[in-house]
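Engineer: Attaching a predicted model along with its sequence, questions to come.
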Amino acid sequence: MRIDRRTTLIGGACAAVAALLYLYDPASSSFYPSCPLRALTGLLCPFCGGLRAAHALLHGRVHEAVALNPFLFAAGLAWPMAPARWMAAAAVLFMAGRNLWAG
């Protein structure tokens, strides 16, 4: 198996992002971007809490990660088996339910 330059760059970028998420908590660091949908509308999108969930997962806190964003955790497990349109429909339903329950 041959690894080309593109694969190396993508792997390096993923490792750099994982290291950044591991070292700096998104809940207390100000350089992470805020959610544009939440800033404009006040609604939680399916990805809200995703950075904090990834930070918790990198530190081995699976229960906390699931509590912060259950959709991303379930989507990550189901992604290889589910078609993209099912995942998009689930994201819309999750966003609607999350905003109705939270609001």
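Structural biologist: Perfect, thanks for sending it. Numbering: from 1, shown residues only.
Engineer: how near is the residue nearest to the spatial centre of the chain to Ala16?
Structural biologist: Residue closest to the mean C-alpha point of the chain, counted by C-alpha atoms, centre = their mean, is Gly50 at 3.1 Å. For Gly50, the distance to Ala16 equals 18 Å [C-beta to C-beta, to the nearest Å]. All C-beta spots, glycine's among them, are computed from the backbone N, C-alpha and C.
Engineer: if we can go back for a sec, and the pLDDT at the residue nearest to the centre of the chain?
Structural biologist: Looking at Gly50, its pLDDT is 86.
Engineer: What are the neighbouring residues in contact with the residue nearest to Cys48 when sequence neighbours are not counted?
Structural biologist: Sequence neighbours aside, Cys35 is the residue nearest to Cys48 in space, at 5.3 Å (criterion: C-beta to C-beta, 6 or more residues apart in numbering). By C-beta atoms under 8 Å, 6 or more residues apart in numbering, Cys35 lies in contact with 44-45, 47-48.
Engineer: Flag the shaky bits of the chain, pLDDT-wise.
Structural biologist: Along the chain, the parts satisfying pLDDT under 70 run over 1, 79, 102-103.
Engineer: Recalculate using a threshold of 90.
Structural biologist: Low-confidence segments of the chain, defined by pLDDT under 90: 1-4, 6-7, 10-11, 14, 26-52, 54, 65-103.
Engineer: can you pull out the helices in it?
Structural biologist: 5-23, 36-41, 50-58, 62-68, 70-78, 84-102 (DSSP state H).
Engineer: need those in a markdown table with distance to Ser30, can you?
Structural biologist: Converted to a markdown table, the helices of the chain look like this (distance: least, C-beta to C-beta, whole Å):
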| stretch | distance to Ser30 |
| --- | --- |
| helix 5-23 | 14 |
| helix 36-41 | 14 |
| helix 50-58 | 13 |
| helix 62-68 | 19 |
| helix 70-78 | 22 |
| helix 84-102 | 24 |
